[in-house]
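> fold the following, please.
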Amino acid sequence: MSLTYEQSGVSIDAGNEAVKRIRPLVNRTHNAGVLNGIGGFGGFFAMPTGMREPVMVSCTDGVGTKLRLAIDLGILDTVGIDLVAMNVNDLICAGAKPLFFLDYIACHQLIPDQIEAIIKGITDGCLESNCALIGGEMAEMNDMYKPNDFDLAGFCVGVVERSEIIDGSNIRPGDKLYGFPSSGVHSNGYSLVRKILQTEMGQQIDKKTLLTPTRIYVKDIARLQKLKHPINGIAHITGGGLHENVSRILPKGLSIALDYDAIQVPELFVQLQKAGNVEAEEMWRVFNMGIGLVVISPEAPPASTGAIEIGKVVP
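Here you go, the predicted structure:
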């Protein structure tokens, strides 16, 4: 008996069907910068015109073990948004504008319905970020992943004028920290979250709430830039919490004084802390605790942005 690729665990037909389904989803993210469609060996994107010294900025990230929860619940149409968010939220910390995105999906078995749901989320995230999905890869590896399991990786490229790069070097003592609310746990700390869910109190927490997609802050920062609001630093609050992520962009000799009382911690974090009997210090170190992005500025952003003052820069 002659062996086939499908008998070894890889279905070319399923891959072709998945591409057929996702093509219209991908096409809806395309803009004037995209020079070709999916299916080739590379994606082509034209550099924006009118820039004096354009600097390319790139980011890569995944979704972590939030995927485990999504797989267990059978809800796959939101983790794609998380994937885009984790990348573009890093990108805008440099003041960059996202241009295009690529994804990598590795799975046990390529199931077109699942791939379609994942890509739907990715394209939703790209539309929210004003960037184009110009390529990706699907890898079926049944001897590397357990049945129904998959992993995601994302790659984003953006651009910023060299003179407008935000790298924290202009941060000074007295600058204020302004926090933009998060949409929930976002995509960090889920190994601890899943451990908490195994406790008696943790089993009462609404698991679907924990799949709320990571908030995308591209339009928030773009609005401040359009208003010419002074921005000396931007920090995406991921693993490590507020203090560690903001400290990453501070010049030598500076620190931050956080006003914890100014932060209204969402009830979900309160529930997780109680259910897992987690120390407060550990909660603030692992989770965003309600603040997903921090802008450091000498001036308060307009109240309509929803940003709140949560601290200041100190020697």
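
> for the rest of this, base every contact and every neighbour count on C-alpha atoms.
OK.

> in the stretch 101-250 of the chain, which spans are strands?
According to DSSP state E, counting those that start in this stretch, the stretch 101-250 of the chain carries its strands in the segments 132-140, 150-161, 176-181, 233-236.

> out of these, which comes closest to N188?
Minimum separation from N188 across those (C-alpha to C-alpha) falls at strand 233-236, 11.6 Å.

> so which residues make contact with that closest one?
Outside of strand 233-236, the residues that reach it under the criterion C-alpha atoms under 8 Å, 6 or more residues apart in numbering are 89-90, 92-94, 166-171, 245-246, 248-249, 292-297.

> adding mean neighbour count and distance to D124, write the strands of the stretch 101-250 of the chain out as JSON lines.
As requested, these are arranged in JSON lines below (neighbours: other C-alpha atoms under 10 Å; distance: least, C-alpha to C-alpha, whole Å):
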{"stretch": "strand 132-140", "mean neighbour count": "20", "distance to D124": "10"}
{"stretch": "strand 150-161", "mean neighbour count": "21", "distance to D124": "14"}
{"stretch": "strand 176-181", "mean neighbour count": "24", "distance to D124": "20"}
{"stretch": "strand 233-236", "mean neighbour count": "26", "distance to D124": "20"}
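
> switch these over to JSON lines; also include mean pLDDT and distance to S255.
Conversion of these to JSON lines gives the following (pLDDT from 0 to 100; distance: least, C-alpha to C-alpha, whole Å):
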{"stretch": "strand 132-140", "mean pLDDT": "95", "distance to S255": "37"}
{"stretch": "strand 150-161", "mean pLDDT": "98", "distance to S255": "27"}
{"stretch": "strand 176-181", "mean pLDDT": "98", "distance to S255": "11"}
{"stretch": "strand 233-236", "mean pLDDT": "98", "distance to S255": "13"}
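
> adding distance to R285, write these out as JSON lines.
As requested, the strands of the stretch 101-250 of the chain are arranged in JSON lines below (distance: least, C-alpha to C-alpha, whole Å):
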{"stretch": "strand 132-140", "distance to R285": "33"}
{"stretch": "strand 150-161", "distance to R285": "24"}
{"stretch": "strand 176-181", "distance to R285": "16"}
{"stretch": "strand 233-236", "distance to R285": "14"}
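
> list only buried entries from the contacts of strand 233-236.
Neighbour-count burial (16 or more other C-alpha atoms under 10 Å) applied to these gives 89-90, 92-94, 166-168, 171, 245-246, 249, 292-297.
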